[in-house]
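Visitor: Sequence unavailable; structure follows:
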């Protein structure tokens, strides 16, 4: 069994379990996206066979910069291996003002992600804008590019 | 003849002629970057053999979205062909508020640049931050990566 005809046109998005409680998911539901909740190996949102998005709030991002683990870069490398177009999405204001961190340090990290790893970084103001951005990319990928969604795509 | 010994350690940046009057260049000079002014075929700043940056103010960027020419995408494609790590830098606030343009349209364009063309977009608040970001990337590239600067690199 499965969804009835007519549901076919919906934009499909795979969402990692841990994102379930975020307002991003609520917003995507309001947009009538067809969400599949999974435990994803890498990333938080899979939008097509080539696009995977790791979402970090500004606080999450700043926290990882000084964590003992290298989790941010590990996640980025894992995304890069699994998907052709990995995206890092940083959500919320205050990237340069929330902590007493030199802008040079933040620039250095963003430069490294973009230049050394070739991962595109996107910025959004809040959950609603993140949802809108994700939906916009998924629609482009699925409607215009006719790409299927596959959370295990290589 | 040429610069005397001691100048070797300076960070070299190639700058397109048309950027000369911008405060970005003034700021880079204050940072003691070694600037070479050229008429660049593509991009505005060349930071290493693989990194080239096209700088757009928010107004420039929004203008190109509705220009009859496809100059923004043409510039991006040209950068992509010539350099391994092309970057688009959008400078200034108000990307979503300056014009009566739906955020969805702007998201669509940014998504296309990032996903379809694989070009990373960076955002800065003003000329000083742009200069700081450019210097930071150039230093990483030249000091840590030992990459030379070559404005005609393929």
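Guide: Ah, there it is. Keep in mind that this is a model prediction, so the values were computed, not measured.
Visitor: Chain A against chain B: which residues are in contact?
Guide: Those residues of chain A that sit near chain B, judged by C-beta under 8 Å from any C-beta of the partner chain, are A:50-51, A:85, A:87, A:96, A:103-104, A:107-108, A:110-112, A:114-115, A:118-123, A:125, A:129, A:132-133, A:136-137, A:140-141. All C-beta atoms are positioned from the backbone trio N, CA, C, and that covers glycine.
Visitor: Show me the residue sitting in the middle of chain A in space.
Guide: In chain A, the centroid-proximal residue (C-alpha atoms, centre = their mean) is residue A:53; its distance is 2.4 Å.
Visitor: Narrow the residues of chain A next to chain B to those in strands?
Guide: Counting by DSSP state E, the residues of chain A next to chain B place A:51, A:85, A:87, A:120-123 in strands.
Visitor: from these, which is closest to chain B?
Guide: residue A:120 (4.1 Å; C-beta to the nearest C-beta).
Visitor: Go ahead and confirm that closest one touches residue A:90.
Guide: No. Using C-beta atoms under 8 Å, residue A:120 is not in contact with residue A:90; the gap is 11.3 Å.
Visitor: Looking at those two, which has the bigger crowd around it?
Guide: More crowded of residue A:120 and residue A:90, by other C-beta atoms under 10 Å in any protein chain shown: residue A:120, with 25 against 20.
Visitor: The more buried one pairs with what?
Guide: residue A:87 (DSSP bridges).
Visitor: Show me where chain A has its helices.
Guide: A:23-30, A:58-65, A:71-82, A:103-111, A:127-139 (DSSP state H).
Visitor: Quick one: work out the angle between the second one and helix A:71-82.
Guide: Helix A:58-65 and helix A:71-82 are oriented at 100 degrees to each other (axes from the mean of the first three to the mean of the last three C-alpha atoms, to 10 degrees).
Visitor: and helix A:58-65, how far out from the chain's middle?
Guide: Distance, stretch centre to chain centre, for helix A:58-65: 15 Å (C-alpha atoms, centre = their mean, to the nearest Å).
Visitor: If you count neighbours, what's buried in that helix?
Guide: When neighbours are counted by 16 or more other C-beta atoms under 10 Å in any protein chain shown, the buried residues of helix A:58-65 are found to be A:58, A:61-62, A:64.
Visitor: Just send those residues back as TSV, with distance to residue B:46 too.
Guide: As requested, the buried residues of helix A:58-65 are exported to TSV (distance: C-beta to C-beta, whole Å):
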residue	distance to residue B:46
A:58	31
A:61	29
A:62	31
A:64	31
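Visitor: where does chain A dip in pLDDT?
Guide: A:1-8, A:67-70, A:144-154 (pLDDT under 70).
Visitor: rerun at 80
Guide: Applying pLDDT under 80 to chain A picks out residues A:1-9, A:66-70, A:144-154.
Visitor: follow-up on the earlier one: if any of the residues of chain A next to chain B are buried, put those into a PyMOL selection.
Guide: Per 16+ other C-beta under 10 Å, the buried members of the residues of chain A next to chain B correspond to this PyMOL selection:
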select buried, chain A and resi 50+51+85+87+96+103+107+108+110+111+112+114+115+119+120+121+122+123+129+132+133+136+137+140+141
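Visitor: just checking, residue A:83 touches residue A:51?
Guide: Yes. Contact criterion C-beta under 8 Å: residue A:83 and residue A:51 qualify, at 6.6 Å.
Visitor: residue contacts, the residue nearest to the centre of chain A?
Guide: Contact analysis of residue A:53 by C-beta atoms under 8 Å, 6 or more residues apart in numbering or on different chains lists A:43-47, A:86-89, A:134, A:137.
Visitor: Report the contact partners of residue A:39.
Guide: A:16-17.
Visitor: how close does it get to residue A:131?
Guide: As defined by C-beta to C-beta, to the nearest Å, residue A:39 lies at a distance of 21 Å from residue A:131.
Visitor: try residue A:86
Guide: 19 Å.
Visitor: ok, now residue A:102?
Guide: Distance, residue A:102 to residue A:131, using C-beta to C-beta: 32 Å.
Visitor: More neighbours: which of those two?
Guide: When residue A:102 and residue A:131 are compared for neighbours, residue A:131 comes out ahead with 24 against 11, by other C-beta under 10 Å.
Visitor: Look up the closest residue to the more buried one, ignoring the ones flanking it.
Guide: Nearest residue to residue A:131 in three dimensions, chain neighbours excluded: residue A:27, at 3.3 Å (C-beta to C-beta, 6 or more residues apart in numbering or on different chains).
Visitor: Does the one you found touch residue A:127 like I think?
Guide: Yes. Shown here, residue A:27 and residue A:127 form a contact pair, counting by C-beta under 8 Å, at 6.2 Å.
Visitor: gap between the residue nearest to the centre of chain A and chain B?
Guide: For residue A:53, the distance to chain B equals 10 Å [C-beta to the nearest C-beta, to the nearest Å].
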